[in-house]
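Novice: Structure, please.
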Amino acid sequence: QVQLVESGGGLVQAGGSLRLSCAASGRTISASAMGWFRQAPGKEREFVAGISWNGGSTGYADSVKGRFTISRDNAKNTVYLQMNSLKPEDTAVYYCAARWGLLRGYYTELHEYNYWGQGTQVTVSS
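Specialist: The predicted structure follows:
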């Protein structure tokens with residue numbers, strides 16, 4: 001049984017930083033594309049960042065480009081999201097997602113992922 005568990009969320013002031021982690025169990029992520037999504041209250045879940053199975057390809061939403069960095073450590077079965085220069089509009093529940101199967105880089109659409117974590121709350125105060 002595959003499980004994705006996010007951690008590292010919390011309350012931070014605008015301009016601050018947080019590092020989210022997503023630990024996978026039940027299956028190695030070394031053959032999976034991984035992604036981070038977020039959902040703010042009253043809004044749809046949206047793509048934040050994605051990374052290919054070997055980390056060679058990454059992609060970001062325009063709203064976080066230059067501030068967030070996605071990375072992975074396949075040996076630890078973990079993917080990370082480093083978030084710098086946080087803004088109040090980054091406040092949301094952040095979800096980790098994994099896709100096993102035919103891989104072509106990273107993915108940006110919700111339906112392209114097979115497994116999801118439960119999410120971790122990030123709150124940025126102004």
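Novice: Nearest residue to residue 55 in space, ignoring adjacent ones along the chain?
Specialist: Once flanking residues are discounted, residue 55 sits nearest to residue 72: 5.3 Å by Cβ to Cβ, 6 or more residues apart in numbering. C-beta coordinates here come from the backbone N, C-alpha and C atoms, glycine included.
Novice: Can you name the residues in contact with the helix or strand hosting the one you found?
Specialist: Per DSSP states H and E: residue 72 is located in strand 68-73. For strand 68-73, the external contacting residues (Cβ atoms under 8 Å, 6 or more residues apart in numbering) are 29, 34-36, 48-51, 55, 58, 60, 78-84.
Novice: Just to be sure, which of the residues you listed are found in strands?
Specialist: If you go by DSSP state E, those have 34-36, 48-51, 58, 60, 78-83 in strands.
Novice: Got the confidence number for the closest residue to residue 13 other than its chain neighbours?
Specialist: Of all residues not flanking residue 13 in the chain, residue 125 sits nearest, at 5.5 Å (Cβ to Cβ, 6+ apart). pLDDT for residue 125: 97.
Novice: thought residue 125 was touching residue 12?
Specialist: Yes: Residue 125 lies in contact with residue 12 (Cβ atoms under 8 Å); the separation is 7.4 Å.
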